[in-house]
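[1] next input, structure requested:
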Amino acid sequence: MLLLMAVTAIGPTTLNVVVPAVPEMANRLASDVATLQLTVSVYLLALAAGQLAMGPLSDRFGRRPVMLAGLTLTAAASVLAISVGTVSSLIVARVLQALGASAGVVVSRAIIRDLFDRNRAAAMIGLVATVMVVVPTLGPLIGGLLNTAFGWESIFLFTAISTALVVVWVALALPETRGLNAPPGAREGFVADFKRLAASGKFAGYVLAGTFGSAAFFAFLGGGPHVVITLMERSSAEYGVWFAIAALGYMAGNFAASRLSMRHGIDRLIWWGIGFEALGVAMAVALVVALHWGPVILFLPQLIISFGNGLMLPGAISGAVSVRPQAAGTAAGITGFTQMAVAAAVTQYAGMLMADSDSALPLALLMVELTAVLAVSFGLLVRRM
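    Here you go, the predicted structure:
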């Protein structure tokens, strides 16, 4: 599990660690900050798209070789980023980094399903998912310290060395797990697996649960800064502190999922998570309309929403990769891509929605709508308790 946490951490670390160095990179590469920001946004898109490829490849060729190849690509692309002389070359290096790092995210989920039944897998995914919260908060700190002390090139040297160390760890410690917990019968190939998954209402229900279970958080991510910093006239530092507190709710939900999934099953945990999210978004609307307590009217509901998200997401992922265990990699790839693609769209839409708003109410109502889609889609497609 420690190894799977390490490989999962590479993707979000490599995404955020460069953020503090964007202004200096723009200056050194004779460009502007807006263009250099593409090194972050394009990375996120490539990380999502890469999961669609890495998941099926791990079903076809095995978890171990795909993991090794992907992380080796990330390490090599990090070295390439050090030697670039243009923004376009740096963006290419970042795309290669993300494609390789996607193996850590998606293949680790397939490995967990290979080793455990779906309820136990949810518990393990809950533990690993905590990394996806903790690491993004540490990445900018590491990048800022390295950039200040040694320059922006040291950030890519750090990612190259740290990823290479994980590659060695994988080579020494990761066995091949494909098919260990799958039902008897040979796999039918990617096209057949994709068709069977696409025809499964239960698979769609779990994918949509994972996707829209996170959507309220990403809506807040897109619209929250405008509300807190612009409308409430609070500092970005204060916003960061409040955001970190809200992130504790997600970690608590992950921990609760890891403790409760074996006893109650993933479907019940997903419904509980939906209940907490519904409570949180209803509270957000009520507080925004009735009170003027500053950031607390957003972040207190967000704490509850994040707890519900953390409680339900491991079960949603485990359910999706358990519909057809012999195609767990393909299922994990589709799930991860859908979640990240919708997250990017919701974040962008929320930012545009709030750009000209003088109230937090549109954001709160958007979160209500997303949670309603979550409850209806899971209820209609999965129909289990």
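
[2] list the contacts for L2?
    For L2, the contact set (C-beta atoms under 8 Å, 6 or more residues apart in numbering) is empty. C-beta here means a position set from N, CA and C on the backbone, and glycine is covered the same way.

[3] likewise A93?
    Contacts of A93 by C-beta under 8 Å, 6+ apart are A77, S78, L80, A81, V84.

[4] want to try a markdown table for those residues, with neighbour count and secondary structure as columns?
    Formatted as a markdown table, the contacts of A93 follow (neighbours: other C-beta atoms under 10 Å; DSSP: H, G, I helix; E, B strand; the rest coil):
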| residue | neighbour count | secondary structure |
| --- | --- | --- |
| A77 | 24 | helix |
| S78 | 25 | helix |
| L80 | 18 | helix |
| A81 | 26 | helix |
| V84 | 18 | coil |
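
[5] could I get those as CSV with pLDDT?
    Converted to CSV, the contacts of A93 look like this (pLDDT from 0 to 100):
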residue, pLDDT
A77, 96
S78, 95
L80, 94
A81, 92
V84, 83
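
[6] which single one of those residues is nearest to L380?
    Closest approach between the contacts of A93 and L380, by C-beta to C-beta: A77, at 42.2 Å.

[7] pull out the buried positions in the one helix or strand G333 maps to.
    Under the criterion of DSSP states H and E, G333 resides in helix 328-355. Within helix 328-355, the residues that count as buried by 16 or more other C-beta atoms under 10 Å are 328-344, 346-347, 350-351, 353-354.

[8] go on, stretch 46-66?
    46-59, 62-64, 66.

[9] before we move on, what about stretch 153-165?
    Those would be E153, S154, I155, F156, L157, F158, T159, A160, S162, T163, A164, for stretch 153-165 by 16+ other C-beta under 10 Å.

[10] inside helices: which ones of those residues?
    E153, S154, I155, F156, L157, F158, T159, A160, S162, T163, A164 (DSSP state H).

[11] need the contact list for the third one.
    This points to I155. By C-beta under 8 Å, 6+ apart, the residues touching I155 are V17, V18, A21, G143, L146, N147.

[12] report pLDDT for it.
    I155 is assigned a pLDDT of 91 by the prediction.

[13] ok, the last one next?
    The per-residue pLDDT reported for A164 equals 97.

[14] pass me the low-pLDDT residue ranges in this structure, would you?
    Within the chain, the segments meeting pLDDT under 70 span 132-133, 136-137, 181-190, 236-237, 383-385.

[15] redo that, cut-off 50
    For the chain, the stretches with pLDDT under 50 are 385.

[16] and the gap between the residue of it most remote from its centre and A364?
    Most distant from the centre of the chain: A290, at 33.2 Å, with distances by C-alpha atoms, centre = their mean. As defined by C-beta to C-beta, to the nearest Å, A290 lies at a distance of 12 Å from A364.

[17] on that earlier part again, among the buried residues of stretch 153-165, which one sits closest to V135?
    Using C-beta to C-beta, the buried residues of stretch 153-165 come closest to V135 at S162, 11.5 Å.

[18] how much space between the closest one and I142?
    S162 is 10 Å from I142, by C-beta to C-beta.

[19] which residues touch S261?
    Contacts of S261 by C-beta under 8 Å, 6+ apart are N119, R120, A122, A123, G126, L269, P314, G315, S318.

[20] swap in 6 Å and give it another go.
    N119, A122, A123, L269 (C-beta atoms under 6 Å, 6 or more residues apart in numbering).

[21] many thanks, we can stop here.
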